[in-house]
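Asker: Give me a model of this one.
(2 chains)
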Protein chains: 2
Amino acid sequence: VIQLRRPYLLFLGDAGDQLAAKTAQGVRDWRPDWCVGQLRLPGCKADLGLPDIGLHDAYAIGARTLVVGVSNRGGQISPDWMPTLSSAVAMGFDIASGMHDRLNAMPELLWLAERSRSALYDLRYLSVQTAVGNGAPRAGQRLLTVGTDCSCGKMYTALAIERELRQRGHAADFRATGQTGVLIAGSGIAVDAVVADFMSGAVEQLVPAGDPDHWDVIEGQGSLFHPSYAGVSLALLHGAQPTALVLCHEPTRKHLRGLPLASVPSLRECLEANLRAARVTSPGVRCVGVSINTSRLAEPDARRYITEVEREIGLPTVDPVRHGVESLVDGLARA
Amino acid sequence: VIQLRRPYLLFLGDAGDQLAAKTAQGVRDWRPDWCVGQLRLPGCKADLGLPDIGLHDAYAIGARTLVVGVSNRGGQISPDWMPTLSSAVAMGFDIASGMHDRLNAMPELLWLAERSRSALYDLRYLSVQTAVGNGAPRAGQRLLTVGTDCSCGKMYTALAIERELRQRGHAADFRATGQTGVLIAGSGIAVDAVVADFMSGAVEQLVPAGDPDHWDVIEGQGSLFHPSYAGVSLALLHGAQPTALVLCHEPTRKHLRGLPLASVPSLRECLEANLRAARVTSPGVRCVGVSINTSRLAEPDARRYITEVEREIGLPTVDPVRHGVESLVDGLARA
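Answerer: Modelled structure (predicted):
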């Protein structure tokens, strides 16, 4: 499992709008202390509210990883970015990129990186290949966020729970299983890049046994009901060996993300399927609450929906952005 | 998806006993017409009852793939085998190997293969990387064998069903998802070697839409209850989009294979979990029967056990080796 060098300089390139800088925004929101500034090219329309700073100055004040935190159509690394990336590597920066295009497939960068002993991290492809999972019981408390669909708030919910646990003085660590999460944790794997045989084993390695009162808060991926990714979700569930689950849901989806013909499972059905599957490696697992992403609902509708879910499922239910995760963490503390 | 050139010459090396030639034995049992003979080195203690034949003679009568169908501790390619493998490649044979050691990591073989335009297939690592799965409904009939555990008869059962369907005049094709299966099908993938993101997509590519009355009989892998491999099993279940399942079980296991602490699920529990998960991409899926591997039971015990299962589950139950798969295929025909 890799460890990114900090602090970061966030590279926004020529991002066409604020949304294109979503990855960098996540890092800035959750780890502001790790970000010395932003580096923008002419025409960049995103702004993270960080100081604009050049490579030399950033390196001088300690930055060690240039984060390519911008997305565009196809996830390509633009030729316009290459002078910046090359200079950064030559100067001794590591680069961490969430693009589809691989830094490690670019001869110029590889050559420079070897000369300056820099690392090139392609976050979408971060993997560890060691052993298959064994499901053996391990100590420590582990919370996994699971969901009815992809992209419904699993990373955000996990990060909010880590923050709340720490604010209450508990030992807690967010464990990243996807590219943005890895930047925010400074470490982790992209579980969907692991060879199938080693998926649950990779998660066991990412989240080893912990102290009995330490919480590992693990970022979930996909959904047991998503035909593209359910295998990843199940391996993550078995490998994580969670003592607690939080179920995440976006209530306005008409179908599963990317699949117009696939219907979203009910919360009850999804909860039961996750608990049943989790018991294979964690017989005492329980769900401590539901996290609803109500960003597309007006406040009264959001309140009404959450009250309905709370009544139907019988567990604390929140929108972590609008209402915080206090009631979810209360449930953990009671355990 | 690769296509192996036929017929095969089966290389048994210096196999220490008959069991070490298990892979070759499977090919010989299920595809005798594809095997021109066996090639054994001094000290080989296995015998498939095929003519012993050298490389030149085998090539002259049409053999085009040398199958390394022998296993030893660690799955290593023995230095003693290298003269045979090198000569075969130089002569124009393809090589298909189920060893852990990779043919494609051996410079001498790579060099010879390039010169003679031969292919080197490392069957454990056969993969296709194209698109993620989409779960879209597709035509044709598909049967998937699922199991309570690894290595409980899923490949054997699928092959027996393919044979029975063909004997009754139905169009049917065995679809291989593991290394021995690939040799027997002449084609396929090792689904546990696929990158996680592409597992169900790889299965959709392996088993595309078929004619309405054509049966694809798909080799299952692992078990939804096996903490090492359940993610692979779920992706295979979703990607296969089976219209029919057959549940496979070995009744004498005290625990899941390789995991002394993991208990074997009940047949009922396993059946329900598989049907529930399969409905995500195949709402009309049904289980047509149970296949019991009674090889470790005496005949009266086997009979008694099978009768019990049949009563408990309410579906045709057989040991495919002892009793054939007629009653399972009857169930398919009725659909």
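Asker: Which positions within the helix or strand hosting A:Val309 qualify as buried?
Answerer: Using DSSP states H and E, A:Val309 falls within helix A:299-313. Using 16 or more other C-beta atoms under 10 Å in any protein chain shown as the test for burial, helix A:299-313 gives A:Ala302, A:Tyr305, A:Ile306, A:Val309, A:Glu310, A:Ile313. In short, each C-beta sits where N, CA and C put it, glycine included.
Asker: where's the second one relative to chain B, distance?
Answerer: Yep, that's A:Tyr305 we're talking about. A:Tyr305 sits at a distance of 25 Å from chain B (criterion: C-beta to the nearest C-beta, to the nearest Å).
Asker: got a list of what the residue nearest to that residue when sequence neighbours are not counted touches?
Answerer: Excluding its sequence neighbours, the residue lying closest to A:Tyr305 (C-beta to C-beta, 6 or more residues apart in numbering or on different chains) is A:Pro251, at 5.7 Å. Listed by C-beta atoms under 8 Å, 6 or more residues apart in numbering or on different chains, the contact partners of A:Pro251 are A:Ile292, A:Asn293, A:Thr294, A:Leu297, A:Tyr305.
Asker: quick one, phi/psi of the spatially most central residue of chain A?
Answerer: Centroid-nearest residue in chain A: A:Gly181, 2.9 Å away (criterion: C-alpha atoms, centre = their mean). The phi/psi pair for A:Gly181 (degrees, to the nearest 10) reads phi -60, psi -40.
Asker: isn't it right next to A:Tyr156, touching?
Answerer: No: checked against C-beta atoms under 8 Å, the pair A:Gly181 and A:Tyr156 is beyond contact range at 10.1 Å.
Asker: picking that back up, the residue nearest to the centre of chain A and chain B, how far apart?
Answerer: To chain B, A:Gly181 is 16 Å away according to C-beta to the nearest C-beta.
Asker: Which positions in chain A make contact with chain B?
Answerer: A:132-137, A:191-197, A:199-201, A:224-225, A:227-236, A:238-239, A:258-259, A:261-262, A:273, A:276-277, A:280-281 (C-beta under 8 Å from any C-beta of the partner chain).
Asker: next structured bit after the helix holding A:Val309?
Answerer: Counting by DSSP H and E, what follows helix A:299-313 is strand A:317-318.
Asker: Spell out the secondary structure type for A:Thr23.
Answerer: Here A:Thr23 is recorded as helix under DSSP: H, G, I helix; E, B strand; the rest coil.
Asker: Report how many residues lie close to it.
Answerer: Neighbour count for A:Thr23, taken as other C-beta atoms under 10 Å in any protein chain shown: 23.
Asker: what's the answer for A:Gly324, then?
Answerer: 14.
Asker: For it, which non-adjacent residue is spatially closest?
Answerer: Using C-beta to C-beta, 6+ apart and skipping the chain neighbours, the partner closest in space to A:Gly324 is A:Val318 (6.7 Å).
Asker: Now do the same contact list for the residue in chain A sticking out farthest from the centre.
Answerer: For chain A, the largest distance from the centre (C-alpha atoms, centre = their mean) belongs to A:Arg115, which lies 31.7 Å off. The contact partners of A:Arg115, by C-beta under 8 Å, 6+ apart, come to A:Ala90.
Asker: Check the gap between it and A:Asn104 for me.
Answerer: 15 Å (C-beta to C-beta, to the nearest Å).
Asker: again with A:Pro42
Answerer: 28 Å.
Asker: and those two? which has more neighbours close in?
Answerer: A direct count of neighbours by other C-beta under 10 Å for A:Pro42 and A:Asn104 places A:Asn104 higher, at 14 against 6.
Asker: Would you state the predicted confidence (pLDDT) at the more buried one?
Answerer: What the model reports as pLDDT for A:Asn104 is 95.
Asker: was I right about it contacting A:Asp122?
Answerer: Yes: between A:Asn104 and A:Asp122 there is a contact under C-beta under 8 Å: 5.6 Å.
Asker: State the number of residues packed around A:Gln37.
Answerer: Quick fix: residue A:37 is Gly, not Gln. Residues lying near A:Gly37 (other C-beta under 10 Å) number 19.
Asker: so which strand or helix has it?
Answerer: Using DSSP H and E, A:Gly37 falls within strand A:35-40.
Asker: In the stretch 1-150 of chain A, where is pLDDT below threshold?
Answerer: Across the stretch 1-150 of chain A, the ranges flagged by pLDDT under 70 are A:129.
Asker: Indicate the residue of it located nearest to chain B.
Answerer: Nearest residue of the stretch 1-150 of chain A to chain B (C-beta to the nearest C-beta) works out as A:Gly135 at 2.9 Å.
Asker: returning to what we had before: where does the residue farthest from the centre of chain A land in three-state SS?
Answerer: Relying on three-state DSSP, one would call A:Arg115 helix.
Asker: for A:Val67, same thing?
Answerer: What three-state DSSP gives for A:Val67 is strand.
Asker: Write down the beta-bridge partners of it, one by one.
Answerer: A:Leu10, A:Ala96 (DSSP bridges).
Asker: how many neighbours does it have?
Answerer: Using other C-beta under 10 Å, A:Val67 is surrounded by 30 other residues.
Asker: what sits up against stretch A:68-78?
Answerer: Contacts of stretch A:68-78 (C-beta under 8 Å, 6+ apart): A:10-16, A:20-27, A:46, A:81, A:85, A:95-101, A:103, A:106, A:124, A:183.
Asker: Now, of those, which are buried?
Answerer: Buried by 16+ other C-beta under 10 Å: A:10-16, A:20-21, A:23-27, A:46, A:81, A:85, A:95-99, A:101, A:103, A:106, A:124, A:183, out of those.
Asker: what does stretch A:322-333 rub up against?
Answerer: Contacts of stretch A:322-333 (C-beta under 8 Å, 6+ apart): A:141, A:143, A:157, A:160-161, A:164-165, A:168, A:215, A:244, A:246, A:288-289, A:291, A:294, A:299, A:302, A:306, A:315-318.
Asker: Any idea how far that stretch is from the middle of the chain?
Answerer: Stretch A:322-333 sits 20 Å away from the centroid of its parent chain (C-alpha atoms, centre = their mean, to the nearest Å).
Asker: What ranges does the stretch 201-335 of chain A have for its strands?
Answerer: A:215-218, A:244-249, A:286-292, A:317-318 (DSSP state E, counting those that start in this stretch).
Asker: The last one packs against which elements?
Answerer: It stands for strand A:317-318. Contacts defined by 3 or more C-beta pairs under 8 Å, 6 or more residues apart in numbering or on different chains; DSSP states H and E place strand A:317-318 against strand A:286-292, helix A:299-313, helix A:326-334.
Asker: could you dump those to CSV with mean pLDDT and distance to A:Arg5?
Answerer: Shown next, in CSV, are those (pLDDT from 0 to 100; distance: least, C-beta to C-beta, whole Å):
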stretch, mean pLDDT, distance to A:Arg5
strand A:286-292, 98, 32
helix A:299-313, 97, 40
helix A:326-334, 89, 31
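Asker: where's A:Pro316 relative to A:Val285, distance?
Answerer: From A:Pro316 across to A:Val285, the span is 17 Å (C-beta to C-beta).
Asker: my bad, A:Ala278
Answerer: For A:Ala278, the distance to A:Val285 - C-beta to C-beta - is 4 Å.
Asker: higher neighbour count, these two?
Answerer: Per other C-beta under 10 Å, whichever of A:Ala278 and A:Val285 has more neighbours is A:Ala278, with 25 against 22.
Asker: give me every residue that touches the more buried one.
Answerer: If you count contacts by C-beta under 8 Å, 6+ apart, then A:Ala278 has A:Leu144, A:Leu237, A:His238, A:Pro242, A:Leu245, A:Val285 around it.
Asker: Considering these, which is situated nearest to chain B?
Answerer: Closest to chain B out of these is A:His238 (4.6 Å), distances taken as C-beta to the nearest C-beta.
Asker: Model confidence for that closest one, exactly?
Answerer: Model confidence at A:His238, given as pLDDT, is 98.
Asker: A:Ala158 too?
Answerer: pLDDT, A:Ala158: 98.
Asker: three-state assignment of it?
Answerer: Once three-state DSSP is applied, A:Ala158 turns out helix.
Asker: and it, how many neighbours does it have?
Answerer: 30.
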